[in-house]
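Engineer: Take this sequence and fold it.
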Amino acid sequence: MKQHTLRLALALITVFCGTACNTAIAEDTPPNVVIFFTDDMGYADLSSYDSTICTTPNLDKLAATGMRFTSFYVSEAVCSASRSSLLTGCYAQRIGIRGALGPGSKHGLHPDETTIAELVKPLGYATACFGKWHLGHLPHALPTSHGFDEYFGLPYSNDMWPWHYGDQDRGLIGNPNWPPLPVIDGTETIETNPRQDSLTPRYTQRALDFIDRKNNGPFLLYLAYSHPHVPIAASDKFKGSTGKGLYADMIAEIDDSVGQVVGKLDQLGLRENTLVIFASDNGPWQKFGNEAGETGPLRGDKGTAFEGGTRVPGIFSMPGTIPANQSSDAVAGTIDILPTIAAMTGAELPKLKIDGNNIAPLLRGEAEGSPHEAYYFYYGGELHAVRVGDWKLHVPHKWRRVVTKGKDGQPGKQDYPKIGLSLYNLKDDIGESNNLAEQHPKIVDRLLKIVEQARAELGDRITKRQGSGVRPHGRP
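Structural biologist: This is a model prediction of the structure:
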């Protein structure tokens, strides 16, 4: 009789906890991690970052529940390089990833590099990547070879297809010599040349399904949207919904996707035990005019070391751990995401050297200021700039300048002028318009010494330096 009563009690406890104890269970497990990563979103594309066009209530709410960074950086203002930094905590230059890998590329991340997925796998995490990968399309380079249990999405940019910058519906032909754009599930191509307006909804549904299936244990979800990279698109539900053009409609759809995923965490009682991160891979591609995002007061755009190319929205939220309604101008970046996840989950840091820092104390309000003594800006193997405190020094280099903006899916024109040695105080001159190099020669000399340190360790194509700390990328 006693045994029967005990079994009945245990059964009732099991049923009760299966429906009502999600939060309690979550508190006894390492935190889940959800990373939203957009493509070519401008620093000023969110309402909370003073957008003049886009309305983003879900992302604004996310920012209000945690910390909004206003000096949050990528390592390079280009797709593949930027993504490699988020996933490994390293400057892309250190791990041999440059530019934007295309359908003809053979390489990807080296198997010795540790991704955020591989970081948490020993702790029992389920891991998934949905959306744009852009670190190699061959089997050795896909997410499933770098710690992710599941993958669904595009292996590279959504414009790398026969229609190039255009799409089928609008009949815009750019480069018909591109091969068909594959949609990959796991390691298998399941279709080619998908409808652009189907991508965000499909990624969102896969993310929701993953959370539903994996909510009883810790999980890491990397949701990397293909948009707002051109060709831009919004599903029928959002097309025309804002009255401010297709770009604003598309941002509204991404915002809704974020809202659905965060809402799912709330529904399952996982919100307080989930670290949610939102960022973009670089600034907007402004040669596309009305189909590109906003940089606000920042100079430059994607493909440059100016603030408009490298400074992006950065939002971190975890109610109960990260205090609400915080804003920080401390220098931080995507290279800090991996070591921060390590600190907050208890995972071991990679054995190979990384460049990022743990910003968990900053997020929790236990520290102030940036953990970075210096932040480097590379592009295509060239060191273009360094930031130390409020000072930013550009060394002489050619940069990509938009001369005329395009319209409705077709690109404008750009040229490549050369910038000389230039010093800016970002506190007073966020637009990098007033060169103070001649007025502050001692500061220039101090920053040039830091530039030389970077060249010695990470190399520099301009000065033909190899770099003692550069590691190879991975090949078949």
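Engineer: Quick one: the strands in the stretch 301-450 of the chain, in order.
Structural biologist: 311-317, 326-328, 332-333, 375-379, 382-388, 391-394, 397-398, 401-404, 413-415, 418-419, 422-425 (DSSP state E, counting those that start in this stretch).
Engineer: Any chance of a markdown table for those, columns distance to residue 187?
Structural biologist: Every C-beta, even on glycine, is put in place using the N, C-alpha and C of the backbone. Below are the strands of the stretch 301-450 of the chain laid out as a markdown table (distance: least, C-beta to C-beta, whole Å):
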| stretch | distance to residue 187 |
| --- | --- |
| strand 311-317 | 30 |
| strand 326-328 | 40 |
| strand 332-333 | 31 |
| strand 375-379 | 31 |
| strand 382-388 | 34 |
| strand 391-394 | 42 |
| strand 397-398 | 39 |
| strand 401-404 | 38 |
| strand 413-415 | 37 |
| strand 418-419 | 43 |
| strand 422-425 | 46 |
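Engineer: Where does pLDDT dip in the stretch 151-300 of the chain?
Structural biologist: Counting by pLDDT under 70, the stretch 151-300 of the chain contains low-confidence residues at 164-174.
Engineer: which residues in it form helices?
Structural biologist: 199-214, 246-267 (DSSP state H, counting those that start in this stretch).
Engineer: in the longest one, what counts as buried?
Structural biologist: Meaning helix 246-267. By 16 or more other C-beta atoms under 10 Å, the buried positions in helix 246-267 come out as 246-259, 261-262, 264-265.
Engineer: mind putting the helices of the stretch 151-300 of the chain in JSON lines, distance to residue 148 included?
Structural biologist: JSON lines is the format used below for the helices of the stretch 151-300 of the chain (distance: least, C-beta to C-beta, whole Å):
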{"stretch": "helix 199-214", "distance to residue 148": "11"}
{"stretch": "helix 246-267", "distance to residue 148": "17"}
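Engineer: Show me the one of those that comes nearest residue 59.
Structural biologist: Each of those has some distance to residue 59 by C-beta to C-beta; the shortest is helix 246-267, at 5.4 Å.
Engineer: any idea how far the closest one is from the chain center?
Structural biologist: Offset of helix 246-267 from its chain centre (C-alpha atoms, centre = their mean, to the nearest Å): 16 Å.
Engineer: Ok, stretch 231-241 next?
Structural biologist: 22 Å.
Engineer: Now it - C-alpha only, PDB.
Structural biologist: Output in PDB follows, covering the C-alpha atoms of stretch 231-241 (Å, rounded to 0.1, in the frame of the first residue of the first chain):
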ATOM      1  CA  PRO A 231      17.500  41.200 -53.200                       C
ATOM      2  CA  ILE A 232      15.100  42.400 -50.500                       C
ATOM      3  CA  ALA A 233      11.700  40.800 -50.100                       C
ATOM      4  CA  ALA A 234       8.800  40.600 -47.700                       C
ATOM      5  CA  SER A 235       6.100  37.900 -47.600                       C
ATOM      6  CA  ASP A 236       2.500  38.800 -48.600                       C
ATOM      7  CA  LYS A 237       1.600  39.300 -44.900                       C
ATOM      8  CA  PHE A 238       4.100  42.200 -44.600                       C
ATOM      9  CA  LYS A 239       4.400  43.600 -48.200                       C
ATOM     10  CA  GLY A 240       2.900  47.100 -48.100                       C
ATOM     11  CA  SER A 241       2.200  46.800 -44.300                       C
END
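Engineer: residues making contact with that stretch?
Structural biologist: Stretch 231-241 has contacts (C-beta atoms under 8 Å, 6 or more residues apart in numbering) with 158-159, 163, 165-167, 172, 195-201, 227, 246-247, 249-250, 252-253, 256, 291, 409.
Engineer: List only buried entries from the residues you listed.
Structural biologist: The neighbour-count criterion (16+ other C-beta under 10 Å) marks 158-159, 163, 165-167, 172, 196-197, 199-201, 227, 246-247, 249-250, 252-253, 256, 291, 409 among these as buried.
Engineer: quick one on the thing from earlier: just put the strands of the stretch 301-450 of the chain in a markdown table and tack on mean pLDDT, mean neighbour count and distance to residue 60.
Structural biologist: Putting the strands of the stretch 301-450 of the chain into a markdown table (pLDDT from 0 to 100; neighbours: other C-beta atoms under 10 Å; distance: least, C-beta to C-beta, whole Å) gives the following:
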| stretch | mean pLDDT | mean neighbour count | distance to residue 60 |
| --- | --- | --- | --- |
| strand 311-317 | 98 | 27 | 9 |
| strand 326-328 | 97 | 17 | 12 |
| strand 332-333 | 98 | 27 | 20 |
| strand 375-379 | 98 | 25 | 27 |
| strand 382-388 | 98 | 23 | 27 |
| strand 391-394 | 98 | 22 | 28 |
| strand 397-398 | 98 | 17 | 36 |
| strand 401-404 | 96 | 15 | 29 |
| strand 413-415 | 95 | 12 | 33 |
| strand 418-419 | 98 | 14 | 35 |
| strand 422-425 | 98 | 20 | 30 |
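Engineer: Can you say which of the ones you listed is nearest to residue 357?
Structural biologist: Closest among those, using C-beta to C-beta: strand 332-333, at 8.0 Å.
Engineer: Can you name every helix or strand that that closest one contacts?
Structural biologist: On a contact count with 3 or more C-beta pairs under 8 Å, 6 or more residues apart in numbering; DSSP states H and E, strand 332-333 meets strand 66-73.
Engineer: Give me the sheet partners of the strand it packs on and which way each runs.
Structural biologist: Partners of strand 66-73 in the sheet, by DSSP bridges, are strand 311-317 (antiparallel), strand 326-328 (parallel), strand 332-333 (parallel).
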